[in-house]
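S.K.: The following block contains a protein sequence and its predicted model.
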Amino acid sequence: MRDIVALTGATGFIGSAVARRLIQGGWRVRALRRSPSPTARLTSTPLQWVLGTFEDRDCLESLVGDADAVIHCAGAVRGITEADFYRANVEAVSRLAHIAASRSPVPRFLLISSLAAREPELSPYAASKRLGELALSETADRLPWTALRPPVVYGPEDRAIRPLLRLMLYGIAPILGRKDGRFSLLYVEDLAEAVIQWLISNTVEKRAFELDDGHPNGYTWHEVIETFQRLRGKRVIHFQVPELIPNVGARLNKIVASVIGYAPMFTPGKVREFRHPDWICDNAPFCRVANWTPKVRLEEGLRLTLDFPLPWQGAGA
Ligand SMILES: NC(=O)c1ccc[n+]([C@@H]2O[C@H](COP(=O)([O-])OP(=O)(O)OC[C@H]3O[C@@H](n4cnc5c(N)ncnc54)[C@H](OP(=O)(O)O)[C@@H]3O)[C@@H](O)[C@H]2O)c1
C-alpha cells in the first residue's frame, strides 16, 4: 500500500481520472465532495470521501489530515466575473496551501493550474488561474509545491468538447479560433499519469510546468478536423466563423446567464482565449524532472473519446 493523497475535484472530468489512476497505482485517496450524492463517475472507485466545501476549515483540515500529498484539482471553469472564479481558483488554493503548510510533516502540494495562467489578461478565468499559482507560491518557504499547466484536456466524459464533437458527427465544424492559431492538447489519462509521475519523482522544484501530448508545435483546427475526418471516414464541412459572430453570441450568452442565473462557459473571455494565436506548450522541463512521457496523440485520443458513448448517442450510434 502506498501513501495517502488528499484530492479535490474528484467529482470532475480531470479529477475523476486522477482518482482512478491513483487507486490503480495503490495510493489511498481521501477526496473532497461538496454534493451529498455520490458521483456516477466513481461508483466503483474506493475513495474515502470528506463531505464539505472550501469555506469549511474543519472539513479542509480533515481532508489534508495526515496526507503525504495534496492534489488540488478542483476549479471553477464556468462563470462570468472575476468573483465567479476567485473562490475556487484562488481562495481555495490559498486556504488549502496554508493548512498543508501548517502540518508536520508537511505534505507535498500539487496544483492543477492551466496554460491559461500564461495569459492572465485574456479572461477572468485565466487571471484566476495565475492568481491561484501566486497564492500557492506565497507559502513557498514552508510548502514543497508544484503547479501543472495543462492546455485543453480532452477525453471520454469531457463536457466542454461535446458540443463541437456533436456538430462534427453531424458533418459540420465551425471554427471559432483564428485560422493561423496553434494550440497544444493533452489526453486526460496522460494528465493523470503526469500526476502519478510527479508523486513518484519527489521533485522539489517550486514552479509551474507546462504539459502537452508531445506533438511538435501543437495543432491547428484544420489538423483536428482532418484527423476527425480520417477516423470517421466522412467529410466534415468546416468554415471560419467571422469574429463578430462569437463576440456577439458570447455577449448575449453572458446577458442571458446573468438573467437566468447559470454559469456559462461561452463568454467574451472564452472567445478571447479561443482567438489567442499561441497556446503551444513545452513539456520538456517537466519530462526532465519526472519520468513522464505522454502516450496518446490526437488520432488515438479522438478515437478513444468518440468510442465512449456520448449522452446524445443512442445504442449503436
Ligand atoms: N478541462 C480542461 O481542458 C482543463 C485544462 C486546463 C486546466 N484545467 C483545470 O483542471 C481542473 C479541473 O477541470 P475539469 O475540466 O475537470 O472541470 P470539471 O469537470 O468542471 O470539474 C471541476 C471540479 O472542481 C469542483 N469545484 C468547482 N468549483 C468548486 C467549488 N466552488 N467548491 C468545491 N468544488 C468545486 C467540482 O465539484 P462539483 O462536482 O461539486 O461541481 C469538480 O469536482 C480545473 O482547475 C481547471 O481549471 C482544465
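M.R.: Received it, and whenever you're ready, just let me know what you need.
S.K.: Now for His72: which residues touch it?
M.R.: Thr8, Gly9, Ala92, Val93, Leu96, Phe109, Leu110, Leu111, Ile112 (CB atoms under 8 Å, 6 or more residues apart in numbering). No exception for glycine: its C-beta is placed from N, CA and C like everyone else's.
S.K.: 10 Å - rerun?
M.R.: 6-9, 15, 32, 54, 88-89, 92-93, 96-97, 100, 109-113, 132, 136, 145, 147 (CB atoms under 10 Å, 6 or more residues apart in numbering).
S.K.: filter those residues down to the ones close to the ligand.
M.R.: Gly9, Gly15, Phe54, Ala88, Ile112 (CB under 6 Å from any ligand atom).
S.K.: Produce a ChimeraX select command limited to the buried residues of the contacts of His72.
M.R.: Buried residues within the contacts of His72, by 16 or more other CB atoms under 10 Å, are selected in ChimeraX with:
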select :6,7,8,9,15,32,54,88,89,92,93,96,97,100,109,110,111,112,113,132,136,145,147
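S.K.: Which of the ones next to the ligand among the contacts of His72 scores worst on pLDDT?
M.R.: For the ones next to the ligand among the contacts of His72, the least confident position by pLDDT is Ala88, scoring 91.
S.K.: Pop out the phi and psi values for that one.
M.R.: phi -80, psi -30 (degrees, to the nearest 10).
S.K.: Grab the nearest non-local neighbour of it.
M.R.: Using CB to CB, 6 or more residues apart in numbering and skipping the chain neighbours, the partner closest in space to Ala88 is Ala76 (4.0 Å).
S.K.: Using the three-state scheme, assign the closest residue to the ligand within the stretch 151-300 of the chain.
M.R.: Nearest residue of the stretch 151-300 of the chain to the ligand: Val153, at 3.7 Å (CB to the nearest ligand atom). Judged by DSSP: H, G, I helix; E, B strand; the rest coil, the three-state class of Val153 is strand.
S.K.: count of neighbours near the residue nearest to Ala88?
M.R.: For Ala76, the neighbour count with other CB atoms under 10 Å is 18.
S.K.: How about stretch 297-312 and the ligand, any contact?
M.R.: No. Shown here: stretch 297-312 not in contact with the ligand (CB under 6 Å from any ligand atom), separated by at least 12.5 Å.
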